[in-house]
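Novice: I need the structure of the sequence given here:
(chains A, B and C)
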Amino acid sequence: MRFLLVEDNPELSCSVADRLRLDGHAVDSAASLSEARDCLAAAGYDLILLDISLPDGDGRDFLKSERRAGRDTPIIVMTARAAVSDRVDVLDLGADDYVTKPFDFAELEARCRAVLRRRGSALQTVRAFAGLTFNPLTATLTIGPETRELRNRELRLFEILLSAPDRIFSKAHLCDRLFSYAEAVTDNAIEVYVGRLRRKLEGSGARIETVRGIGYRLVAE
Amino acid sequence: MKQAPMSLRRRLVLQLLGIAAVLAILLYLTVRTVANSAAEATQDGVLGAATMAIAERLQGGDTGVSLDLPYEAFSILGSISDDRIFYRVDANGETLTGYADLPLPRHAAPSVEPVFFSDFYREFAVRIAVTNRAVLVNRQPILVTVAVAQTRQGQEAIAQRTANLAAAIGLAAFALAALLSMLTAGSVLGPINRLADAVGRRGPHDLRAVDHPSPEELRPLVTSLNGFIARLRGALSRTETFIAEAAHHIRTPLATVRARAEIALRQSEADETRETMRAVIRAVEESSRSASQLLDHATVVYRSDRLADGPVDLSKLLQGLARSHGPTAELRDLTISVSGADCPVTVQGDRLLLESALRNLIDNAIKYSPPETEIALSLAARDGKAVIAVRDRGRGLGGRSQPELARRFVRGANVDDVVGSGLGLTIVEEVAEIHGGSFLLTERKGGGTCAELVLPLR
Amino acid sequence: MRRTGPALAVILSLAILRPAAAFVTEEEALFPAAGTRAQTVTVLSTTDADVLRPAIEAFQEANPDAELRYVVASSQEVYAAIAEDRARFDLVISSAMDLQMKLANDGYAARWDSAATARLPDWAKWQDRIFAFAQESVVLIASRRGFQGLPIPQTRRDLTELLRDHPDVFRGRIGTYDPRASGAGYLFATQEARQSDSFWRLAEVAGGLSPRLYASSIDMISDLKTGRLALAYNVLGSYAGPRLEADADGVVVEFADFTLTLLRTGFVPTDAANPVGGGAFLDFLLSARGQALIRDRAGLPPIDEAALSASPHLRPIRLDAGLLVYLDRLKRQAFLTEWSSAMSQD
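Specialist: Numbers count the residues shown, from 1 in each chain, chains lettered A, B, ... in the order given. Model prediction:
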């Protein structure tokens, strides 16, 4: 996905961009509303992450003017104001969703996906691999004539493995990305989801290989 | 130790009673004095008449003064009361008849009207009427003194009776005054009590100005009360602003920390570092959540005195909440189902507070549900009430009572591994109370918790 | 003759046995206590001991520890004993209402409050000090023989006309009290004179017929019975009634114009040595049992308001200060002078 990140705090902006890039997203950063407008004029984005308080104006005004101008790039507001009134405001002004700082990136990604899904986005995210096609927006695997739905954790697991086929992901790494940090899970909890995903992949050329003592990797036969 | 000042009612009643007592005593004394002088006047009248009747029977002549004592004179005296009668008739300084030792006034001048005085005779208090009459004996005028005395027992009995009557009247007047003073105290203090009731009936967070109709005398009190309320509201508002600002300022750096920690976690292969990063992330989550709930709570407290009172469609609210929580739930493979929200169910209330309460409930449910279970949101309108239920398959209440759970900053005993400040349920309870509804936490059949928010339909 | 009981010492005396006393008694009777003699009640009375004996004995039955000394004297002596001699008695009984009234007025009667006295109607007491226990009418007694077939008069006017029309029948045969000698006679005469002018007309007519004057009712009754008198005027009915009951000749007449009714009264003197005992005996006389005994055994009509209202001709002498008037020296002198001149025209 291609994000426009509008955030004036350089530390945060940098961190968020780095973090998103880790998941393979393209991120342009803007430190003010004017910068954001410049970026938007120059390129198209799948999603805008918008802070509220910016040096040259209020994010909400930007939101309003964007929507009034008929530009409907999905916008997710990142707010440090957790009060209900703020959330309600931004939704009423045309934001697609909001996240409260500090946010869980897994949640952010889920929200992004939900927004895009809701918008019926034409974003080409479908990937083909070893005789299957994978649509992360709809969370479906198509193998031959058959379409299989993935549950969220299966989806995310598959996404991780698919991001680097043949690379071995450790159980701990997978756990960190699949489970919330607040949840107390053992590394073995991952085995359940690996098992399920293997069954969903049956009939395709894709296979999850157990690397004993280290982790898993996705291989094409 | 400072002694509690006397109650207004008691003070008022006591003062009125004091006034009533003084008036009753005055009434008593007046009635008594008037009655006594009336009784004395009556006695004097009869005594004087008897004396005159005797004097009229005096006759002169050649041999001396003669007197035919009229029977009626004494009989009438006797008919008024059974009092002793003494009399004395002196002629030329010698006692003609009667009681020779009956006292006489020292200076006796001839007079048509009898003279009255009080004295003692034979140990009896007596009232004496004296009249002087010149009688011709041998054509020489001789001064004859007629004195009639009567004991005062009858008069005293009358005085006693009037005193008793006066005392009874005084007591009755006092009793009546006492009753009236109670009623007066009641009616005077009524507005104060009603005002106190009106203020006392308010919810714990109701900080609206008092506009209870009050008599003029209470207006300064109401004015200062409202001034105080306004200051308190201002203070609360500043507190809320402060919390909001504090939350805001803490969130941005927290977000940076979190992002950095996640990155480090992703890039590090060292178990130690990874564990540290996880701990950092958990701490950040906890801080964030605490800040949210503190803010929510401050909002509840602040908003409760100026409720944005309007119709709130619970169906829409619930659906919106389900949708906005969808992605969060999804992360844990939880499904949120909504039932009963097909048609609008409208209550009167503050949408923000209601949303805040429901958000807390749903957050809780997501937090405590095991993966791949369902959180059932349901809305029903029955018996004039809207019932919103949030049911999960979590670990239930763990044997703790709702008041314990809802107590501020206390968390369930079985949630050590789940981030939360424990303010959530307090907020829900307060919102329920503000809306005149109720909040009930029960164990769900088949495991889990059922949280019910009941609001009156209007 | 008077009866004498074995337990009763009767001393007839004209002189006083006790040297300190100056008044004259007629009779002194001692009723010893049945039990231990814890107290002595002394009664001074104008009423014969025999008359009250049943009441006294009943009183002692109820109070076995009470010894009762009963002294009888004339009404004027009774007055003198209390007012002048300051003799100490626990109860003073007299038919001379005026003298009783004067004693009480002058402060010799003590207050006595009891349930029995409270029941007494107001007209039968004065100031919670004097209490009447018998009401006796003052009557005319006549001898049928003495009237020689003439009609027995029913009013004073009848009597006056009868005397005027038949002087020969009644000359020297009319008896009445001598008010100069008898307290009761003076009271009856003065009260009658006060009530009606017919008294003086009657006195003038009777005065022309050489009336006989008496000091007691009993003597008049006996002289009527012996035939010395044809009629006696102003006799105590309570004495005449029982004594003439069996006598077909004797007639008792209560005048229809008015008949004086005397109240026999008692009081507890202020000087009483045993006022409680005197009061107790008084209470007994006023009690239902005492009143019944007075009616049935003493022949004295008890205090009965109903009887008074049933007989309108009965006119009770009012027990009030008016009684003092005729005790006035000048008044008495004037009355007796007038009476004497009316009665002795010979």
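Novice: where does the stretch 301-450 of chain B dip in pLDDT?
Specialist: B:303-307, B:399-401, B:403-422 (pLDDT under 70).
Novice: Check the burial of residue 52 by counting its neighbours.
Specialist: Defaulting to chain A. 22 (other C-beta atoms under 10 Å in any protein chain shown). No exception for glycine: its C-beta is placed from N, CA and C like everyone else's.
Novice: my bad, the chain I had in mind was chain B
Specialist: Per other C-beta under 10 Å, the neighbour tally for B:Met52 reads 19.
Novice: That one reaches B:Pro114, doesn't it?
Specialist: Yes - with contact defined as C-beta atoms under 8 Å, B:Met52 counts as touching B:Pro114 (6.4 Å).
Novice: shaky segments in chain C?
Specialist: For chain C, the ranges with pLDDT under 70 are C:1-22, C:345-346.
Novice: Give the full set of residues in contact with the residue lying closest to A:Cys14 once chain neighbours are set aside.
Specialist: Setting aside the residues directly before and after it, A:Cys14 is nearest to A:Ser29 in space (C-beta to C-beta, 6 or more residues apart in numbering or on different chains), at 7.6 Å. Counting by C-beta atoms under 8 Å, 6 or more residues apart in numbering or on different chains, A:Ser29 makes contact with A:5, A:7, A:13-14, A:17.
Novice: Show me which residues of stretch B:390-402 are buried.
Specialist: The neighbour-count check on stretch B:390-402 (16 or more other C-beta atoms under 10 Å in any protein chain shown) flags B:390-397, B:400 as buried.
Novice: oh, I was asking about stretch B:260-279
Specialist: Residues of stretch B:260-279 classed as buried by neighbour count (16+ other C-beta under 10 Å): B:260-263, B:265-266, B:274, B:277-278.
Novice: of all those, which comes closest to chain C?
Specialist: B:Arg278 (108.2 Å; C-beta to the nearest C-beta).
Novice: List the contacts of that closest one.
Specialist: Contact analysis of B:Arg278 by C-beta under 8 Å, 6+ apart lists A:176, A:181, B:265.
Novice: Output the buried residues of stretch B:260-279 as JSON lines; include the columns pLDDT and secondary structure.
Specialist: Formatted as JSON lines, the buried residues of stretch B:260-279 follow (pLDDT from 0 to 100; DSSP: H, G, I helix; E, B strand; the rest coil):
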{"residue": "B:Arg260", "pLDDT": "89", "secondary structure": "helix"}
{"residue": "B:Ala261", "pLDDT": "89", "secondary structure": "helix"}
{"residue": "B:Glu262", "pLDDT": "87", "secondary structure": "helix"}
{"residue": "B:Ile263", "pLDDT": "88", "secondary structure": "helix"}
{"residue": "B:Leu265", "pLDDT": "85", "secondary structure": "helix"}
{"residue": "B:Arg266", "pLDDT": "83", "secondary structure": "helix"}
{"residue": "B:Arg274", "pLDDT": "84", "secondary structure": "helix"}
{"residue": "B:Met277", "pLDDT": "88", "secondary structure": "helix"}
{"residue": "B:Arg278", "pLDDT": "87", "secondary structure": "helix"}
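Novice: Can you check the distance spanned by stretch C:168-184, start to finish?
Specialist: By C-alpha to C-alpha, to the nearest Å, the extent of stretch C:168-184 from end to end equals 29 Å.
Novice: what does chain C have sitting close to chain B?
Specialist: Where chain C comes near chain B, counting by C-beta under 8 Å from any C-beta of the partner chain, the residues are C:104-107, C:126-127, C:194, C:318, C:320-322, C:324-326, C:328-331, C:334.
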